[in-house]
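Student: The following block contains a protein sequence and its predicted model.
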Amino acid sequence: MDENPDGNLADTQLHGGRGAGGRSADGQLSRHRLGVYTLGFLNNRPLRRILSLAGWEVVPGWRPGTCDAIGVWGRRPVSSRGLAVARRTGVPVLNVEDAFLRSVRPGYAGEPPTGIILDDLGLYFDASQPSRLEEMLQSGDLSDPALMARAAAGIAFLRRHKLSKYNAWEPADLPEPGFVLVIDQTRGDASIRLGGAHEADFAAMLSEAKAAHPDRRIVVRTHPEVSAAKKRGHFGTEDCDARTELFTAPANPWDLLERAEAVYCVTSQMGFEALMAGHRPVVFGQPYYAGWGLTEDRKPLARRTARRSVEEVFAAAMLLYPTWVDPCRDRLCDFEEAALQLAEAARAWRENARGAVCVGMKPWKHAPMRAFLKGAKGVPRFEHDPEKAAALARAEGREVIVWAGKETPELRAACGDDVPLRRMEDGFLRSVGLGAQLLPAASLVLDDEGIYFDPTRPSRMERLIAEACVIGAGERARAEALLARVVAAKVTKYNVGAEVPELRVPAGKRVVLVPGQVEDDASIRLGTGEVSTNLALLRRARARFPDEYVIYKPHPDVEIGLRKGAIAETDLAGLADFVARDMSAADLMDRADVIVTMTSLMGFEGLMRGLEVHCLGMPFYAGWGLTEDHGQVCDRRVARPDLVALVHASLITYPRYFDPVSGRACSAEVILDRLAERVPQVSRNPLRRARWLAAVQYRLRGFAHLWR
């Protein structure tokens, strides 16, 4: 590899998150050797994996002459070894650092990064010399409209999901709006010294904030590591007075920025978030986001002469500069995928932070629940007795999570007003195989207001559908893309059944699909009225469409004898033109024009495929103007969302997803990939134990109440 006169990488520069390796003639990624002199590189498997994906093979730097670059992490004291070797040998330096969106918890908690910085010129926080980021901002062409659109959408995404570098934030009592926010940092942080600042600048910052805003409260935001007693900051109680307070609670930075009237910082990353939040921060150092006309700079940097918009700084710092990784799919990715993954991980962390006591869950569900609900308090506890569950949750400051069909008045009474209660159910993109076959769900819903299949009371699902009427352009685009992929991949909730044979439908007749259901299911009990059996449903469908071609699809659990709802053959013969036994729901919907259902999820899946849907009950997707409703009326459902809004609420904001391959919280898109690819972890009977239990369950199907 050629070296340029400055000792930078000539052929392996990393722009826009691209890796060092090129492609050989056979399409394989070529590798470059990265010599390192600290154990952190060698012992950190996630970091080595990202570097490998980017085309770097990490090796001990015993023979620097055989290496393409010397890897140096940040500017810690141990980094001096690698820098000294690079100066002595002339081997280029590759500077490595965490990206600006790192993880939910800090690195010391053992959580791998979402992305890293690979810079062959300098380091973004070292203002003593240019970096590739500064080079992009000073002289790069960032005018591409598509790039600016991505930047604007990215800023909106971070603001909407309140994502920061670290994201293990907890609810906190926030100061009243209108204060001046002064941002502290940890003592000795390299970004302060290398960012052209000193300890004295923090005192000067606080003094100026007080003098410039004599009538405002001053809120000094303590660094989270200082609040956790892991490091020291620059401010303490001695700096407080009648109108100055230390804010030490682990609150989300965006919550503070949205309430602040003005922002003061030295080199903190939170200053960049202040820009995205609409502030013009006063900056007492020389961080990467200063000097471009967006900040009030107390220490201008003469070589930064370009004038940039917030979107241009974001495009360079977030879209082009870092190397992002998708930890679920184990590949490099763009900012959008990385941010989406981090948002889902942060959501799971927040929702699991309280810890849970689970009620009404059979033993085979315990292991999946431990993985899905693991949080700051560890794994959930399990208890069958409602009063004991509520007492345990009350004593340990946890919430109670009950399988929705097992909720009882006794449990609600035991929880009272002081123990939070949430209901859990399978999500709508579940698995390749049936829950009755003891396959864990890849998606679950948690509802603190009700549950989606119970129209007799409000639910979080109902609220989210109504709110989805006003989702933003980015959210709509995501829902539209997800909708198109679900239909194209022929994905349904369970994804079982054989291909449908050719149907001999008489010319001019429409195909009416009638999905059977489990008749003692809670959605039937709570969501239907006059029509509550499969036979009654089929009779009504035939009466409404006497001259059309009617297909009846028995529910898979009923078909294999595990649940209630079978129709006698003599009744079927007079009502259905074709009985689709053990056949793919997606294939059937491809051939159908109309769906007639009580509360089946196939009604929602039919809407996604553009079918006419008639509901004789009140499922979650009925009552909004998208279906023909012939059952009871739900007066609460007055909003009129379109299909995209319904999909956004049903597949994106209401469920949570858990990737069984990587063991991480993930997005709907990841699970859609898993289902479409039929990966073993979400496919029919992936474990020998599950196959054995399913076989025993089938033979004991007369006792189905034991596992429901």
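Tutor: Cool, got the structure.
Student: List the residues that contact the most centrally placed residue in the chain.
Tutor: The centre of the chain sits closest to residue 344, judged by Cα atoms, centre = their mean, with a distance of 1.7 Å. Residue 344 is in contact with 656-657, 665-667, counting by Cβ atoms under 8 Å, 6 or more residues apart in numbering. Quick note: C-beta positions are derived from backbone N, CA and C, even for glycine.
Student: Next: residue 152.
Tutor: By Cβ under 8 Å, 6+ apart, the residues touching residue 152 are residue 311.
Student: about what we covered before: what is the nearest of the contacts of residue 344 to residue 509?
Tutor: Checking the contacts of residue 344 against residue 509 with Cβ to Cβ, the nearest one is residue 657 at 39.7 Å.
Student: where's the strand or helix carrying that closest one relative to the chain centroid, distance-wise?
Tutor: Using DSSP states H and E, residue 657 sits within strand 655-659. Relative to the centre of its chain, strand 655-659 is centred 8 Å away, using Cα atoms, centre = their mean, to the nearest Å.
Student: List the residues that contact the residue nearest to residue 74 when sequence neighbours are not counted.
Tutor: In space, residue 74 comes closest to residue 97 once its chain neighbours are excluded; the distance is 5.3 Å by Cβ to Cβ, 6 or more residues apart in numbering. Listed by Cβ under 8 Å, 6+ apart, the contact partners of residue 97 are 73-74, 116-117, 119, 123-125.
Student: quick one: residue 97 and residue 125, what's the gap?
Tutor: Distance of residue 97 to residue 125, given as Cβ to Cβ, to the nearest Å: 8 Å.
Student: what do you get for residue 563?
Tutor: Going from residue 563 to residue 125 by Cβ to Cβ gives 60 Å.
Student: do the same with residue 448
Tutor: 41 Å.
Student: Between the two, point out the one with more neighbours.
Tutor: residue 125 (24 against 13; other Cβ atoms under 10 Å).
Student: contacting residues around the residue lying farthest from the centre of the chain?
Tutor: In the chain, counting by Cα atoms, centre = their mean, residue 570 sits farthest out from the average C-alpha position, at 49.5 Å. Neighbour list for residue 570: empty [criterion: Cβ under 8 Å, 6+ apart].
Student: Now the helix or strand hosting it: buried residues?
Tutor: Assessed by DSSP H and E, residue 570 sits inside helix 569-575. Going by neighbour count (16 or more other Cβ atoms under 10 Å), the buried part of helix 569-575 is 572, 575.
Student: and that helix, average pLDDT?
Tutor: Averaging pLDDT along helix 569-575 gives 89.
Student: Then stretch 115-135?
Tutor: Mean predicted confidence for stretch 115-135 is 97.
Student: first vs last residue of that stretch, how far apart are they?
Tutor: Across stretch 115-135, the terminal residues are separated by 20 Å (Cα to Cα, to the nearest Å).
Student: The nearest residue to residue 476 once chain neighbours are set aside: which element?
Tutor: The shortest distance from residue 476 to any non-neighbouring residue, by Cβ to Cβ, 6+ apart, is to residue 644 (5.6 Å). Element membership for residue 644, per DSSP H and E: helix 643-647.
Student: Which strands or helices does that helix pack on?
Tutor: Here helix 643-647 touches helix 473-488, helix 601-608, going by 3 or more Cβ pairs under 8 Å, 6 or more residues apart in numbering; DSSP states H and E.
Student: okay, those in JSON lines with mean neighbour count, mean pLDDT and distance to residue 650 next?
Tutor: Listed next are the helices and strands packed on helix 643-647 as JSON lines, based on neighbours: other Cβ atoms under 10 Å; pLDDT from 0 to 100; distance: least, Cβ to Cβ, whole Å:
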{"stretch": "helix 473-488", "mean neighbour count": "16", "mean pLDDT": "95", "distance to residue 650": "9"}
{"stretch": "helix 601-608", "mean neighbour count": "24", "mean pLDDT": "97", "distance to residue 650": "7"}
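Student: Out of these, the one nearest residue 514 is which?
Tutor: Comparing the helices and strands packed on helix 643-647 under Cβ to Cβ, the one sitting nearest is helix 601-608, at 9.5 Å.
Student: what's that closest one in contact with?
Tutor: Against helix 601-608 from outside (Cβ under 8 Å, 6+ apart): 428, 483, 486-487, 492-493, 513, 515, 553, 585-586, 589, 592, 595, 597, 613, 615, 619-622, 626-627, 643, 646-647, 650.
Student: Contacts for the helix or strand following that helix, please.
Tutor: Moving toward the C-terminus from helix 601-608, the next helix or strand (DSSP H and E) is strand 612-615. By Cβ under 8 Å, 6+ apart, the residues outside strand 612-615 that reach it are 541, 544, 593-599, 603, 606-607, 621-622, 626-631.
Student: Which of the residues you listed fall within strands?
Tutor: Among those, the members found in strands (DSSP state E) are 594-597, 628-629.
Student: Among those, which one sits closest to residue 142?
Tutor: Nearest member of those to residue 142, counting by Cβ to Cβ, is residue 595, at 49.2 Å.
Student: so what's that closest one closest to, chain neighbours aside?
Tutor: residue 606 is the one closest to residue 595 (Cβ to Cβ, 6+ apart), at 4.0 Å.
Student: next one: residue 239
Tutor: Per Cβ to Cβ, 6+ apart, closest to residue 239 is residue 206, 6.5 Å.
Student: Give me the contacts around whichever strand or helix holds that neighbour.
Tutor: Using DSSP H and E, residue 206 sits in helix 200-212. For helix 200-212, the external contacting residues (Cβ under 8 Å, 6+ apart) are 180, 182, 184-185, 192, 218, 220, 234-235, 239, 243-244, 262, 264-266, 282, 284-285, 298.
Student: cutoff 7 Å now
Tutor: With contact meaning Cβ atoms under 7 Å, 6 or more residues apart in numbering, helix 200-212 is reached by 180, 182, 184, 218, 234, 239, 264, 266, 284-285.
Student: Which of the residues you listed fall in strands?
Tutor: 180, 182, 218, 264.
Student: quick one: contacts for the last one?
Tutor: What it means is residue 264. Residue 264 is in contact with 182-183, 205, 209, 281-282, counting by Cβ under 7 Å, 6+ apart.
Student: Dump these into a markdown table; add neighbour count and distance to residue 527 as well.
Tutor: Below are the contacts of residue 264 laid out as a markdown table (neighbours: other Cβ atoms under 10 Å; distance: Cβ to Cβ, whole Å):
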| residue | neighbour count | distance to residue 527 |
| --- | --- | --- |
| 182 | 28 | 54 |
| 183 | 27 | 51 |
| 205 | 25 | 59 |
| 209 | 21 | 57 |
| 281 | 28 | 52 |
| 282 | 21 | 57 |
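Student: which one of the residues you listed sits closest to residue 166?
Tutor: residue 183 (14.5 Å).
Student: So the closest one sits against residue 269, correct?
Tutor: No. Taking Cβ atoms under 7 Å as the definition, residue 183 is not a contact partner of residue 269, at 9.4 Å.
Student: From residue 69, how far off is residue 134?
Tutor: 20 Å.
Student: The two: which is more packed in?
Tutor: When neighbours are counted by other Cβ under 10 Å, residue 134 and residue 69 differ, and residue 69 comes out ahead with 28 against 25.
Student: Show me how the protein divides into domains.
Tutor: Annotated domains of the chain cover 160-321, 354-422, 468-677 [the TED database].
Student: Show the pLDDT at residue 39.
Tutor: Note for residue 39: predicted pLDDT of 90.
Student: Write a ChimeraX command that selects only the buried members of the contacts of strand 612-615.
Tutor: Filtering those down to the buried ones (16+ other Cβ under 10 Å) takes a single ChimeraX command:
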select :541,544,593,594,595,596,597,598,599,603,606,607,621,622,626,627,629,630,631
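Student: No further queries at this time; thank you.
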